[in-house]
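Novice: Pasting the sequence and the predicted model now:
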Amino acid sequence: MGVAQRNRRWLVPVAAVAVVAGVGAIGPVVADASPKLPSITAQDLLTKVQTAKVNGLSGTVSSTADLGLPAIPGMSGHDGSNSQITDLLSGQHTARVAFASPDKARVSVMDNQSEQVWTSDGKSAWAYDSAKREATKLTLPAHQNAKPEKAAPRSYNPQDVAKQFLSAIDPTTKVQVSGTEKVAGRDAYKLRLVPKTDKTTVGSVTLAIDSKTWVPLDVTVMPRSGSSAAVELGFTSVSFDTPSANTFTFTPPKGVKVTDQKAPAKVAPKQIAPKQTTPKLLPRKSGAQAGKPTVIGNGWDSVVMFKGGTQTAGLTGNGQLAQLLAKAPTVQGSWGKGKLVTSKMVSVLLTDDGRIFAGLVTPDTLQAAAAKAPR
């Protein structure tokens, strides 16, 4: 298509998993009647999206996820780590977001009568959890100018998520303009990406592209089977006016425990965000060492592997999750032996030697990737 970035093709399925980390509570984004807009080719629309630039925006983002995973007994509490895992894989969430070029960003997530805030004004960054009554302040180096989308959890930014899909387009993807719709009161084109391979569980990804700013407003992921969306992330209201500077300041409420940190030159503000909303399934680069992901395969059928580290311990060491694994079928192959957990979208393989494989792929594709993986 001319816009492909071959070295980032693995981002397609992994980005869809990343969307799940931001899911959560006003329900799915509702589109109005289809507006009449001038015709445009998929190639021209792709070009406009990839060159789009706005100085700032603010709005409300709604997200929903239904990956078809089975319920895990005893994992409904709000404060425990169990609920953090559940929140990543299902549910509805709402976030208020604001960005201002080049280094200001704020995300506020409301869930279960509690609030989590991540904000950066370019000089300092804050992460606040009202349920825990804790806040972390990170002082940034004077020369560090974090981009807005880097300064807060990426999974709450429809633009960032959409661009990950777009950057991963390759010959295994059919791209077409599939119509128009209204999103957050704005006229938008629908850009549809359809995998040509049957190795993925993704049926299609549809991006709603604003017809004036060319900014992605909504991302919808459909499974290969079923008629309801597996994941949807998008604006329910949005303004492209640049937010005022005080939008990004933060004053901790009285009685909140504050931890001060000073960031090294290469640390991005988003690293202070709670782990449950900063997904590890979106690797920056591959690596076989403990705790870092390795990407196996390309395009839609790529798989992420975690070798040892806290990710494995967090899954196998949880008593309630162990109940789910006990019911999962045991599989084996040249890669070894392990437990296979599947749904309409996600396949996860936990091997007896401490590796975890995950992807938006079929179980056979997952095991084939495991056979190719380093030990």
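Specialist: All right, it came through fine. Numbering: from 1, shown residues only.

Novice: low pLDDT regions in the stretch 101-250 of the chain?
Specialist: 142-156 (pLDDT under 70).

Novice: can you pull out the strands in it?
Specialist: Using DSSP state E, counting those that start in this stretch, the strands of the stretch 101-250 of the chain run over 104-111, 114-120, 124-129, 134-139, 173-183, 186-195, 202-210, 216-223, 231-239.

Novice: hang on, Pro293 packs against Ser302?
Specialist: No - using CB atoms under 8 Å as the test, Pro293 is too far from Ser302 to be in contact (10.9 Å). Any C-beta I mention is one placed from the backbone N, CA and C, and that applies to glycine too.

Novice: In contact with the closest residue to Ala188 other than its chain neighbours, which residues?
Specialist: Closest residue to Ala188 apart from its sequence neighbours, by CB to CB, 6 or more residues apart in numbering: Ala208 at 4.2 Å. Residues near Ala208 by CB atoms under 8 Å, 6 or more residues apart in numbering: 31, 181, 183, 188-191, 216-220, 234.

Novice: quick revisit: point out the most buried one among the strands of the stretch 101-250 of the chain.
Specialist: strand 216-223 (a mean of 25; mean count of other CB atoms under 10 Å).

Novice: and the angle from that strand to strand 173-183?
Specialist: Here strand 216-223 points in a direction 120 degrees away from that of strand 173-183 (axes from the mean of the first three to the mean of the last three CA atoms, to 10 degrees).

Novice: helices and strands around strand 216-223, which ones?
Specialist: For strand 216-223, the packing partners by 3 or more CB pairs under 8 Å, 6 or more residues apart in numbering; DSSP states H and E come out as helix 11-20, helix 158-167, strand 186-195, strand 202-210, strand 231-239.

Novice: Helix 158-167 and that strand, what's the angle between them?
Specialist: 60 degrees.

Novice: what comes into contact with strand 216-223?
Specialist: Outside strand 216-223, the residues within contact range by CB under 8 Å, 6+ apart are 16, 19, 29, 31, 49, 68, 158-159, 161-163, 165, 183-184, 186, 188, 201-210, 229-235, 238, 344-345.

Novice: out of the contacts of Ala208, which one sits closest to Asp111?
Specialist: Among these, Gly234 lies closest to Asp111 (CB to CB), at 17.9 Å.

Novice: Could I get the contacting residues of the closest one?
Specialist: Residues near Gly234 by CB under 8 Å, 6+ apart: 29, 61-63, 158, 183-184, 208, 217-220.

Novice: Ser334: which of the helices and strands packed on strand 216-223 is closest?
Specialist: Closest among these, using CB to CB: helix 11-20, at 23.0 Å.

Novice: Helix or strand next in line after the closest one, which one?
Specialist: Sequence-wise, the next helix or strand downstream of helix 11-20 (DSSP states H and E) is helix 42-51.

Novice: Which of the residues in that following helix are classified as buried?
Specialist: 42, 45-49 (16 or more other CB atoms under 10 Å).

Novice: Helix 158-167 and that helix, what's the angle between them?
Specialist: For helix 42-51 against helix 158-167, the angle by the same axes, to 10 degrees is 130 degrees.

Novice: Now tell me what touches helix 42-51 from outside.
Specialist: Residues contacting helix 42-51 (CB under 8 Å, 6+ apart): 1-3, 162-163, 166, 169, 175-177, 189, 191, 207, 209, 214-216.

Novice: swap the cut-off to 6 Å and go again
Specialist: 3, 175-177, 189, 191, 209, 214 (CB atoms under 6 Å, 6 or more residues apart in numbering).

Novice: Next, format the residues you listed as JSON lines and append distance to Phe248.
Specialist: Converted to JSON lines, these look like this (distance: CB to CB, whole Å):
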{"residue": "Val3", "distance to Phe248": "32"}
{"residue": "Val175", "distance to Phe248": "36"}
{"residue": "Gln176", "distance to Phe248": "38"}
{"residue": "Val177", "distance to Phe248": "36"}
{"residue": "Tyr189", "distance to Phe248": "31"}
{"residue": "Leu191", "distance to Phe248": "31"}
{"residue": "Ile209", "distance to Phe248": "27"}
{"residue": "Trp214", "distance to Phe248": "25"}
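
Novice: Widest-spaced pair of the residues you listed?
Specialist: Farthest-apart pair in these is Gln176 and Trp214; separation 17.3 Å (CB to CB).

Novice: taking the mean pLDDT, what do you get for stretch 42-62?
Specialist: Averaged over stretch 42-62, pLDDT sits at 93.

Novice: thought Pro252 was touching Asp260?
Specialist: No - Pro252 lies out of contact with Asp260 (CB atoms under 6 Å); the separation is 11.3 Å.

Novice: what's the spacing between Ser130 and Leu138?
Specialist: Distance, Ser130 to Leu138, by CB to CB, to the nearest Å: 18 Å.

Novice: quick revisit: and which of the contacts of Ala208 is nearest Asn112?
Specialist: Gly234 (21.9 Å).
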